[in-house]
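K.L.:
Show me how the following folds:
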Amino acid sequence: MEKQMEIRYDIMEVCLLAGKIMLQSGAETYRVEDTMMRIAASFGIKESHSYVTPTGIIFSIETSEPTKTKLIRISERTTDLKKVTVVNSISRRISSGELTIDEAYELLEEADAATMPFPFKIQILAAAIASGCFLIMFQGSWHDFLPAVVTGGAGFFSLIYFHKVVPIKFFSEFLASFTIGMLALAFVWTGIGFELDKIIIGSVMPLVPGLLITNAVRDLMAGHLVSGLSKGAEAFLTAFAIGSGIAIVFTFV
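P.N.:
Numbering: from 1, shown residues only. The predicted model follows:
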């Protein structure tokens, strides 16, 4: 009996670790719940229940003994779809019977401990190039391409730096957008840049919470109203922070 209870607790640990990695990496709420319940079913748990919000996971399994429930808190969230893919792959291997509980937990721990797949410099470079491309996409001039590249890269660098100094997402996004606005304004005043609005639009695009908005809509459509509304509110705050930083810059024009 004690051995069966230990096995059930191990299954819960595997499910919760998989859910934690996915939720922290930007997966949708319904995907996290579905993955956890599928893993539990693959290990012989006939009935399980999961309740996932952007800040926590509650998971329980139904047995002949009193129901066992565990809760974990999610404090940090980012976007790392590579980890979501890895967890999905492990879940499929569990469903096909390729992995034991211990092997699955070990693989999940490795995925959880893995760092970002791209180094810091590559992220800055990608944000910079994307900013220039967005400027062209919004019918900006090629004369403004390099100013947008520099401004977008500096803005993304500011976002990461300010978030380390002040671990409050709203303020880091506000200060990053303010930095973008001031740099764009400096380029226009010095004659290097020409269209202030296009440079700013292209440069702030890497800060826009596109994945968060998409997940909020998908969660709402899937019936997860609490998660959908909370993610929508988070996306609104991000958009408000970006808009506020740019609005202050435009008061100097």
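K.L.:
Tell me which stretches of the stretch 51-200 of the chain form helices.
P.N.:
81-95, 101-113, 120-137, 145-165, 169-189, 196-204 (DSSP state H, counting those that start in this stretch).
K.L.:
Can you say which of those helices is nearest to L71?
P.N.:
Between L71 and the helices of the stretch 51-200 of the chain, the tightest spacing by CB to CB is seen for helix 101-113, at 17.8 Å. Just so you know, the C-beta spots here come from the backbone N, C-alpha and C atoms, and that holds for glycine as well.
K.L.:
Buried residues of the closest one, list them for me.
P.N.:
Across helix 101-113, burial judged by 16 or more other CB atoms under 10 Å covers A104, Y105, L107, L108, A111, D112.
K.L.:
Widest-spaced pair of these?
P.N.:
A104 and D112 (12.4 Å).
K.L.:
low-confidence ranges in the stretch 1-150 of the chain?
P.N.:
Along the stretch 1-150 of the chain, segments meeting pLDDT under 70 span 1-5, 63-67, 116-117.
K.L.:
right, so the helices of the stretch 51-200 of the chain: which one is the most enclosed?
P.N.:
Highest mean neighbour count of the helices of the stretch 51-200 of the chain: helix 196-204, a mean of 25 (counted as mean count of other CB atoms under 10 Å).
K.L.:
Following the chain onward from it, which element is next?
P.N.:
helix 210-221 (DSSP states H and E).
K.L.:
helices and strands around that next one, which ones?
P.N.:
On a contact count with 3 or more CB pairs under 8 Å, 6 or more residues apart in numbering; DSSP states H and E, helix 210-221 meets helix 29-42, helix 225-250.
K.L.:
The same query, at a cut-off of 7 Å, please.
P.N.:
If you count contacts as 3 or more CB pairs under 7 Å, 6 or more residues apart in numbering; DSSP states H and E, helix 210-221 packs onto helix 225-250.
K.L.:
Just want the angle from the helix it packs on to helix 29-42.
P.N.:
140 degrees (axes from the mean of the first three to the mean of the last three CA atoms, to 10 degrees).
K.L.:
Now do helix 225-250 against helix 169-189: the angle between them, please.
P.N.:
30 degrees.
K.L.:
Next, the buried residues of helix 225-250.
P.N.:
227-228, 230-232, 234-235, 238-239, 241-242, 245-246, 249.
K.L.:
before we move on, back to that, of the buried residues of helix 101-113, just say which sits nearest to E28.
P.N.:
Looking across these and measuring by CB to CB, the closest to E28 is A111, at 18.1 Å.
K.L.:
tell me the contacts of that closest one?
P.N.:
For A111, the contact set (CB atoms under 7 Å, 6 or more residues apart in numbering) comprises I21, K83, V86, V87.
K.L.:
which one of the buried residues of helix 101-113 sits closest to E76?
P.N.:
Comparing the buried residues of helix 101-113 against E76 with CB to CB places D112 closest, at 12.1 Å.
K.L.:
Show the contacting residues for I72.
P.N.:
Taking CB under 7 Å, 6+ apart as the contact definition, I72 lies against L16, K20, G56, I57.
K.L.:
Identify the bridge partners of it.
P.N.:
Beta-bridge pairing for I72 (DSSP bridges): I57.
K.L.:
Look up how far R218 lies from it.
P.N.:
23 Å (CB to CB, to the nearest Å).
K.L.:
V32 too?
P.N.:
Distance of V32 to R218, computed by CB to CB: 12 Å.
K.L.:
Those two: who's more crowded?
P.N.:
V32 (25 against 17; other CB atoms under 10 Å).
K.L.:
L135: what's it in contact with?
P.N.:
D144, F145, A148, K198, I199, G202.
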